[in-house]
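>>> Okay, structure incoming, though there's no sequence with it:
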């Protein structure tokens, strides 16, 4: 499993990339997209929406089921990856390139895992 070292991960299979300017991008991990199967729809928040750590920020629909996406941080949506609305399958093709939202004004974050801890978590689930 390829889990980039510079990212942090949640136990619910989201990744976070913190930028030096106090923002962070959030996406779904390779493990998540593989478990979900072919994604056909993504429902994301709007720019300006408040996110709360551990609460739902949106959902994805696959040919198997609808699954919630949980916010790993508390903050405000700065940007939404609009490309995913027309091409949710981009998450399957490049889960670490297809970010979902960019968050600013981060005031809290979940207990995040480094790559090694995340890989161990995934190994336990398989």
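Looks like it came in fine. On a predicted model such as this, the values are computed, not experimentally measured, just so you know. Numbers count the residues shown, from 1 in each chain.
>>> make it CA atoms for all contacts and neighbour counts henceforth
OK.
>>> Show me the beta-bridge partners of the residue sitting nearest the centre point of the chain.
Centroid-nearest residue in the chain, with CA atoms, centre = their mean: residue 27, separated by 2.6 Å. Note on residue 27: beta-bridge partners by DSSP bridges are residue 15.
>>> where in the protein is pLDDT low?
Regions of the chain meeting the criterion pLDDT under 70 cover residues 1-3.
>>> again, only this time at 80
Across the chain, the ranges flagged by pLDDT under 80 are 1-5, 110, 126.
>>> Are we agreed that residue 91 is in a helix?
Yes. Under DSSP: H, G, I helix; E, B strand; the rest coil, residue 91 sits within a helix.
>>> picking up where we left off before, what residues are up against the residue nearest to the centre of the chain?
14-16, 95-96, 98-101 (CA atoms under 8 Å, 6 or more residues apart in numbering).
>>> and if we set it to 6 Å?
14-15, 99-100 (CA atoms under 6 Å, 6 or more residues apart in numbering).
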